[in-house]
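[1] Give me coordinates for this.
(chains A, B and C)
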Amino acid sequence: MLKMIDVSKVFRTELVETHALTDFSLTVGEGEFVTITGPSGCGKTTFLNIAGLLETLSSGQYLLDGVDVSTLSDYQRAKLRNQKIGFIFQSFNLMPDLNLFDNIDVPLRYRGMKGAERRERIEQALEAVGLAARKKHVPSQLSGGQQQRVAIARALVGEPRFLLADEPTGNLDSNTAQGVMELLNEINDKGTTIIMVTHDEQLAQRSQRNIHILDGRIANPVLTPLKTPGESTAAMA
Amino acid sequence: MPIYYLRLAALSYKRNPVLSTLMVLAVSIGIGAYMVIFTLNYVMGGDPIPHKSEQLYHVQLDISEAGQDRQAPVQLTYLDATALMESAPAQRQTTTSKFGAILEPGNPELRPFSILGRGASADFFPMFDVPFIYGGPWSGDADDNLEQVVVLSRELNEELFGGQDSVGEQIRLHGTNFTVMGVIDDWNPVPKFYDVNNGPFDSGEELYIPWPLLVSMELSRSGNTNCFQAVEGSGLQAFLNSECVWIQYWAELPTAADRATYQSFIESYAAEQNALGRFQNDLSRNRLYDVEEWLIEEEVLPDETRILSALAAMLLAVCLLNTIGLLLSKFLGKAPEIGVRQALGAHKGSLFVQHVIEAGFIGLLGGLLGLAVASFGLEGIKILLGDDVMMTNWIQLNVPVVIVTIALAIVSTVIAGLYPIWRACNINPAIHLKTQ
Amino acid sequence: MDIGPIFRAMTRNKLGVILIALQIAFTMTVIINAIFIINERSRLMARPSGVDEANLFHLVSVGFGEGFNEEIAARDDMEMLRRLPGVANASVVNAVPVSGSGSGTGVRLTDDESSPSNFTAIYRVDEQAIDTMDLDIIAGEGFTIGDVRNRQRNSEAVSDITVLTETLARDLFPDEAVNDVVGNTVWVPGGIPLQVVGIVRQLQAPWQNNTIERSMLVPENVIDGSSMYLVRSEPGQRDRVMAEVEEALVAANGSRIIRDMRSLEETREGTYRIDSAMSTVLWVVIITLVFITSMGIVGLAVFGINRRRKQIGTRRALGATRPQILGYFMVENLLITGVGVTLGAVLTIAFSILLTTNFNMPAMGWHYTPLGMLALLAIGQLAVWGPSRGAARIEPAIATRSV
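    Residues are numbered from 1 along each chain as shown, chains lettered A, B, ... in the order given. Okay, the predicted model is just below:
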């Protein structure tokens, strides 16, 4: 369970103060598939970074499985991120000089897992995304859709409870995107909580729940998905 | 995990081969050049007889004219050397001087040739731990009785007797027959501490004979002779009685008590001589120097290597500054990867270790290449110096230098990398994940 | 070009500036001092010895066996050598200039041994030596065969006349014209007076120190077991004559050996070996440093340009011309190098003072530092030229591309 209470994030430079999130409160339950929409610069990514413990919050409270993460050290946050959270990104962010096997290996290394178990898990993860035969390939030898599948395998190999996705289909054509979405739905069906930032209004509407952010605040503080055309237009802007 | 990081370091090298190679080159040139100079200093300024350098003392007696602020003479007069040999309280002591002579080989196929020899006392060999292949030194009586005995160098024995055990054989030197007592093994202390003012980096002499023979046979001295007063009268005896210094004098004094006894002996000797009108300078200038003190006093380490040390240190600094810049470029260029690693669970500690290993890897390669640079540089210096002016066979890499080279390369690269590493560990992942 | 914005942009990347500036400062310190040392050494090496170095060679004849008479052997050798075709002249000497080994003595104007003395090299030579060495007599005359005395080993000076170098004459008689020095008497230790019969323009002492120009010649033939011969060949025939002389000497007398036969050029090369080795090592250091520093400038420039690709594209899109982009990076480098050479000037002078105080080197000429600064600025501009050209070729379209 992920719970944010009155979370604010302010970026300060010498001259300006940007309020990326303001009094942001949200609870995501076990096994939910939540989409986040909103215009550019509304705070979607900031929200995802805070949720993923990549960024600290300026004020408020963030409980991840009941643990208040705002007081944790870098080391503890990294451990928590490694164990509970999987990330997938719009531009995949695979390590270009590591082959698929080694890419998926990265989070397991940080977990300090033994070699045999790592190997088994990596094989399984590659199997699950249908790329077992290509484990020796490097990312540049793969299509975009395949790369994103590898990224998903890498995010899931540590069996995280939460999968945070930032525009996972943004760089893909619609057919491939469809495939990736199906994969994410399968994962969600198996119990992994997914929070996905997207521009794609249709995807958002298909999810169990959509959060629309405007100027750092939730614009639709309703727990059920809203499907009014007006909102959709706003989200596309 | 370290092996994993080493693999990442290798992969990272392959990813920016030009930048990485530049770094390795910079480190190797800086370290290599520094090691060349370090080797020269290490050997030239090193302890030529480490196990007993604190027991061997050069004796300095000051016969220079009073009131002149000149360095005291580095050698002894015949009068003083023989007086000390007679009665100075040392376990062992030796007079020693270099000479040149003609050697007529018994073998008629060989033409007579000139050799450089050394007159020494019987104690010379055990004092300086001279290694023998055959036979051994002559006895102390041989010195007193002017016996015509000789110890050959390995090389000369090779030339005259084909390397066979020649003990008991005869050689003809300066028109006189000498009996071979022993053959020494290669023995070339660097610097040649027992005669530093006659070529501290020259090779050892070809043969050794009892020192008193230099005088009795009137052999021609090869080395410095400095006269502090005009010789009164003519002939050998006049020279022997003169204030001309030409003799090296060493004593073996194993304990502090031995040293104190000896020191008080030469002080009272100096006072006696002072009463006779000699030794007009401050009597404290008559003193003992152990091997290292003596090498420093005589400034055996040439100015050239000391100047080059400073220049090489600056060259290394430039190379390391260069490496800091290049590592910074490299690590900051990896920001997106570092961001992803953080997202996947890397904490600052693991990023730190990863990049220390990456810098150390560059340092290791730089060190290995630096060894090549250093041995190349040393060979070059050997060629530049040639082997006719001074002995150069000691100019080579040795185990301590190899170890220091590699360690210095790794440590200095990691130190140079500390700031870039710190920057790499503190990259804000959030900025670098959105677009790549 | 307006420097203001370039300077302000630099202040936002202080570390990069400091790294390059420090490298340039150290590089300049090493290069300028190294060049100074090289120049200093070549100045020392270039001093003429006063003798005809190109055509001279020397050797040592050492007798052995009971029947060998050094005096007779030397006399016969000289007669034979002087008749040999290609030999201009030959002499028996006790030392050779430049060789590093010889005799020295104090020389005084009175026989009072407590009066101050001038240290000088002393060449004990035969009557032909002034011609053999090809010295230039500027006052008085040389020696005649009747002047030459035999000097046994371990004996005092036996001659009563001498020829001085001009420098020694001036040092001894600072108030007299060189011509007037001839006829004066000087004393060497042992209360021995020598009358000055001639002055030569130059003859270096055998050693390289600050009394190198002080030499005196006395007509003496030293009998001490070995004789040194100095031979001057006709111009251009030295190498051939050397071989013939050796053969002739070996054939002439079997109870002696000939050793250390060298041309004076070889002797000079050996004596100054360490100086020339030092110069070569320093050149290698200079070239290496220029290379490393240039690579550092190139590396950081390329990095800086890649980091700012988008910015450069934007500038181009906003109307900057290629020369303006090129100029931007050239001026940026000029500013950074400027900081470096300013710091470098301070370090250079500090290091040269260190050399002067610790290593007995003369002070560095004032012109070294500014010339060094200019050279480093030029090196910086050359190094950054390539990367800057690359920057100028960045297309404006990059500004609108997202990757």
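[2] can we go C-alpha only for contacts and neighbour counts from here?
    Will do.
[3] B:Pro400: neighbouring residues, count only.
    10 (other C-alpha atoms under 10 Å in any protein chain shown).
[4] any idea how far it is from B:Leu365?
    Spatial separation of B:Pro400 from B:Leu365 under the definition C-alpha to C-alpha, to the nearest Å is 18 Å.
[5] quick one: the strands in chain A?
    Applying DSSP state E to chain A gives strands spanning A:2-12, A:17-28, A:33-37, A:59-64, A:67-68, A:85-89, A:162-166, A:193-197, A:209-214, A:217-218.
[6] what about the last one, average pLDDT?
    Taken as a whole, strand A:217-218 carries a mean pLDDT of 88.
[7] Tell me which other helices or strands it touches.
    Contact analysis of strand A:217-218 by 3 or more C-alpha pairs under 8 Å, 6 or more residues apart in numbering or on different chains; DSSP states H and E lists strand A:17-28 as its packing neighbours.
[8] Figure out which of the strands of chain A is closest to C:Gly254.
    Nearest to C:Gly254 among the strands of chain A is strand A:85-89 (97.4 Å), distances taken as C-alpha to C-alpha.
[9] Parallel or antiparallel, which strands does the closest one pair with?
    Paired with strand A:85-89 in the same sheet, following DSSP bridges, are strand A:162-166 (parallel).
[10] Chain A against chain C: which residues are in contact?
    Residues of chain A lying close to chain C by C-alpha under 8 Å from any C-alpha of the partner chain: none are found.
[11] OK, now which residue of chain A is nearest to chain C?
    The minimum distance from chain A to chain C, using C-alpha to the nearest C-alpha, falls at A:Ser91 (10.5 Å).
[12] wait, doesn't that residue sit right on A:Asn171?
    Yes - because the distance of 6.6 Å satisfies C-alpha atoms under 8 Å, A:Ser91 is recorded as touching A:Asn171.
[13] so B:Ala346 sits right up against A:Ala78, yeah?
    Yes - in this structure B:Ala346 lies within contact range of A:Ala78 using C-alpha under 8 Å: 5.8 Å.
[14] Give the bridge partners for the residue nearest the centre of chain A, please.
    Chain A has A:Leu164 as the residue nearest its centroid, 1.4 Å off, counting by C-alpha atoms, centre = their mean. Beta-bridge pairing of A:Leu164 under DSSP bridges involves A:Phe87, A:Ile195.
[15] Contacts only, for it.
    Contacts for A:Leu164 (C-alpha atoms under 8 Å, 6 or more residues apart in numbering or on different chains) come out as A:48, A:52, A:85-88, A:194-196.
[16] try 6 Å
    Counting by C-alpha atoms under 6 Å, 6 or more residues apart in numbering or on different chains, A:Leu164 makes contact with A:87, A:195-196.
[17] How about B:Val59?
    The contact partners of B:Val59, by C-alpha under 6 Å, 6+ apart, come to B:249-250, B:288.
[18] which other helices and strands contact the strand ranked longest in chain B?
    With DSSP E setting the assignment, residue counts place strand B:92-104 as the longest strand in chain B. Packed against strand B:92-104, as judged by 3 or more C-alpha pairs under 6 Å, 6 or more residues apart in numbering or on different chains; DSSP states H and E, are the following elements: strand B:113-120, strand B:170-173, strand B:220-221, strand B:244-252.
[19] Given the longest one, what are its sheet partners and their directions?
    In other words, strand B:244-252. The partner list of strand B:244-252 in its sheet, established with DSSP bridges, is strand B:56-60 (antiparallel), strand B:76-77 (antiparallel), strand B:92-104 (antiparallel), strand B:226-227 (antiparallel).
[20] now swap in the second one and tell me
    Strand B:170-173 has its sheet partners listed here by DSSP bridges as strand B:92-104 (antiparallel), strand B:176-184 (antiparallel).
[21] Can I get those in JSON lines including mean neighbour count and mean pLDDT?
    What follows is the strands paired with strand B:170-173, written out as JSON lines (neighbours: other C-alpha atoms under 10 Å in any protein chain shown; pLDDT from 0 to 100):
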{"stretch": "strand B:92-104", "mean neighbour count": "22", "mean pLDDT": "92"}
{"stretch": "strand B:176-184", "mean neighbour count": "21", "mean pLDDT": "95"}
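[22] quick one: pLDDT of the residue nearest to the spatial centre of chain C?
    Taking C-alpha atoms, centre = their mean, the centroid of chain C lies closest to C:Met45, which sits 2.8 Å from it. In this model, C:Met45 is scored at 89, pLDDT.
[23] same question, the one 10 residues further on
    In this prediction, C:Asn55 carries a pLDDT score of 96.
[24] returning to that earlier point: for B:Leu418, find the nearest of the strands paired with strand B:170-173.
    Nearest of the strands paired with strand B:170-173 (C-alpha to C-alpha): strand B:176-184, 53.5 Å.
[25] distance of the one residue in chain B that gets nearest to chain C from B:Asn241?
    The shortest separation between chain B and chain C is 4.4 Å, found at B:Ser234 (distances taken as C-alpha to the nearest C-alpha). B:Ser234 sits 11 Å away from B:Asn241, taking C-alpha to C-alpha as the criterion.
[26] Common neighbours of those two, please.
    Common neighbours of B:Ser234 and B:Asn241, using C-alpha under 6 Å, 6+ apart, do not exist here.
[27] Go over the secondary structure and confirm B:Leu311 is in a strand.
    No - with the criterion set as DSSP: H, G, I helix; E, B strand; the rest coil, the secondary structure at B:Leu311 is helix rather than a strand.
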